[in-house]
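Asks: Next comes the sequence, and after it the predicted model I'd like to discuss.
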2 protein chains.
Amino acid sequence: MPIISINENGFLDKLKGTNGLFSCVISSIETTKYVGISGVNKSVIDYTPAADMELVTIGESLSLNHPPIDATGCPSPATITRAAVDILKIPVMTVDAGSYIKPKIPYISVDQRPTGDIQKGLGMDNSKELLNLGKIIGNNNIYDSLVIGESVPGGTTTALGVLLGLGYDARDKISSGSVENPKDLKLSVVESGLKNSKSKDVFDVLNAVGDKMMPVVAGMAISAVSKGKPVLLAGGTQMASVLAAIKEISPKILKSGLLGISTTEFVLNDKNADLKDIIEQIGDIPLYASKFGYENSKIDGLKAYCNGSVKEGVGAGGIATYCYSNGLNPKDIREYVEKNYEIWYSKLIQ
Amino acid sequence: MPIISINENGFLDKLKGTNGLFSCVISSIETTKYVGISGVNKSVIDYTPAADMELVTIGESLSLNHPPIDATGCPSPATITRAAVDILKIPVMTVDAGSYIKPKIPYISVDQRPTGDIQKGLGMDNSKELLNLGKIIGNNNIYDSLVIGESVPGGTTTALGVLLGLGYDARDKISSGSVENPKDLKLSVVESGLKNSKSKDVFDVLNAVGDKMMPVVAGMAISAVSKGKPVLLAGGTQMASVLAAIKEISPKILKSGLLGISTTEFVLNDKNADLKDIIEQIGDIPLYASKFGYENSKIDGLKAYCNGSVKEGVGAGGIATYCYSNGLNPKDIREYVEKNYEIWYSKLIQ
């Protein structure tokens, strides 16, 4: 099976044969300007969310010469997401919750300003409003099922902050987008930020150390599930923090049987993290991980995923799970990425 | 029948029982800052598109104290649109093509900057790009049918400009959003602008005297029809200009049987205009007009529609046609507007 299933409750069947909408919520975080919490290549970090979503939506990155790469030269997980949505012709909805650089494709704007400095506990001041805007988005689109991903450089640190702030044991269980996970640095950033959280209330915690993607995704998921539509949170640690926020805001959503979370095998198997344990602390929710067979790839940058580079992002794991539930297999995605790799990265390779 | 049909070809049947998506594309026009071409109340003109779409989407205007009114105090046609989408729970997608004030609800951003000064022939420089962004929107949403309206103060003047620029006899046939239609003023504005059009090519004409709503709606309609989905252009004169642009860009779209245009009875019956003639000049396209029974209303501001105030906008006529094709009747809309009128305008009435 191309999907690893943990705590499966029949959720995957609900995705089968549905008109699925893929949405990706993007944001930038001010803290990444001066603390090395993100594995994304420094020179392109501001452009990464925009370039990711351009690639996913139209098949090329417009805001950069080529699709984003990490600091070691590995291709963005957006390459996987592009393969998935293009093969099955899944509509893509980009939601901007404060990316420094705006995508050169149509995107839904909910907040133009980036997430602030989480080290100072100043992530945002409007998490409640962003939740409501997310709900409006969930209510104003037609779909049978909703897959929601993110592209937020530095986002595993905000995830750590929100999980700790809400009382979860997450200290040594958070994954990262790079081989070397700067755990101590991330921890010192969020512990500093949490000192400035007004209370342990979910909105105060989000305002202090969260990123703007989180309340927006929470709102979208809550309104979609409330309408009886299955929602797949497409991500690892970051979507775990959204799940924890949803539990605080609307606990019945977690018991609906309409919510699942899916990531990649690279995150689930990350020995320096423990996503499974985090999810189990939050609730009785099915957790999936998509396989890609990248160990068989002839491209070094893809093989590197198996050794801990990149791992996940832009909803790659979740949208693959949706596609595998609808007839695709890992070979389809891998071959699509391999076939397009040279075109996408021709300007890098030269 | 609550719908007046001209040149009906079975199009209305294609709307029946569909999952319809209502989209409204908004823009501001710089020229309205210093020339009185719009019937919208001067003090609120910059806020009108945002406040209209807030009302339609969530039932209240956030950017203004109350929903927009025209210079004589008549309520915005967004009140009709709100009634229609709320009664039938139709999803609403706002597209910002350069409104001065951005809506406080989620909206799709395609261009943050307003339409420029059409009197100088400087409406925009990116009509071709906006067409492509519109196509991407049409391709990245799930719907069975698409109803597209607009909120562009000053938009009948850009419509006049584009129709004249493309060679149509429209000089004395353009409607307006007010009782007194300043036709000579509008004509002098667009004749001045057209002198600066590079050529009679549709993109040059749009760039000179069009507004940014037009290429975006054209792109959305072209991509939707290309996917086999029926599209109702919801408006009068302004949508006629979009229709003329579509004919230049992709003539086969007009022959698909999947395109219709619908306005209100107030525009169709406007003795100072001739929409029917303009549409017939463009092509063999069904034209509809929705009735509202406002002559029976106890509210003066609604009765005034019958005497030529406001007449149309925010897709009111078209979304009503969609609703009437799906079981609603004018009484449903009228009673909804009357019931909510005091709540919406309580701060005005006081």
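Replies: Cool, got the structure. Residues are numbered from 1 along each chain as shown, chains lettered A, B, ... in the order given.
Asks: Which residues of the stretch 101-250 of chain A lie near chain B?
Replies: Neighbours of chain B within the stretch 101-250 of chain A, by Cβ under 8 Å from any Cβ of the partner chain: A:102, A:105-110, A:133, A:136-137, A:139-143. (Each C-beta comes from the backbone N, C-alpha and C, glycine too.)
Asks: Low-confidence ranges, chain A, go.
Replies: Scanning chain A for pLDDT under 70 picks out A:349-350.
Asks: Quick one: the strands in the stretch 251-350 of chain A, in order.
Replies: Ranges of strands in the stretch 251-350 of chain A, per DSSP state E, counting those that start in this stretch, are A:259-264, A:287-290.
Asks: Can you say which of the ones you listed is nearest to B:Pro2?
Replies: Among the strands of the stretch 251-350 of chain A, the nearest to B:Pro2 by Cβ to Cβ is strand A:259-264 (42.3 Å).
Asks: Which other helices and strands does the closest one contact?
Replies: helix A:11-15, strand A:231-234, helix A:237-249, strand A:287-290, helix A:316-324 (3 or more Cβ pairs under 8 Å, 6 or more residues apart in numbering or on different chains; DSSP states H and E).
Asks: Determine which stretch of these is the most buried.
Replies: Most buried of those by mean neighbour count (mean count of other Cβ atoms under 10 Å in any protein chain shown) is strand A:231-234; its value is a mean of 32.
Asks: Partner strands of that one, with direction?
Replies: strand A:145-151 (parallel), strand A:259-264 (parallel) (DSSP bridges).
Asks: farthest-separated two in the residues of the stretch 101-250 of chain A next to chain B?
Replies: Using Cβ to Cβ, these reach their maximum pairwise distance at A:Lys102 and A:Ile142, which is 25.2 Å.
Asks: Convert the C-alpha atoms of stretch A:172-189 to CSV, please.
Replies: The C-alpha atoms that make up stretch A:172-189 are tabulated as CSV, following Å, rounded to 0.1, in the frame of the first residue of the first chain:
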residue,chain,number,x,y,z
ASP,A,172,11.8,16.7,21.4
LYS,A,173,9.2,15.5,18.9
ILE,A,174,9.1,18.2,16.2
SER,A,175,10.3,17.5,12.7
SER,A,176,12.1,19.9,10.4
GLY,A,177,12.7,20.6,6.8
SER,A,178,16.4,19.9,7.0
VAL,A,179,18.8,17.1,7.9
GLU,A,180,20.2,19.0,10.9
ASN,A,181,17.2,20.1,13.0
PRO,A,182,18.3,23.1,15.1
LYS,A,183,16.1,22.0,18.0
ASP,A,184,17.7,24.0,20.8
LEU,A,185,17.5,27.2,18.7
LYS,A,186,13.8,26.6,18.0
LEU,A,187,13.1,25.9,21.6
SER,A,188,14.8,29.0,22.8
VAL,A,189,12.9,31.1,20.3
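Asks: Please identify the buried residues of it?
Replies: The neighbour-count check on stretch A:172-189 (16 or more other Cβ atoms under 10 Å in any protein chain shown) flags A:173-179, A:181-183, A:186-187, A:189 as buried.
Asks: starting at the chain centroid, how far to it?
Replies: 16 Å (Cα atoms, centre = their mean, to the nearest Å).
Asks: For it, give me every contacting residue.
Replies: A:31, A:35-40, A:70-72, A:118-119, A:156-157, A:159-161, A:163, A:171, A:236-237, A:267, A:270, A:272-275, A:277-278, A:307-313 (Cβ atoms under 8 Å, 6 or more residues apart in numbering or on different chains).
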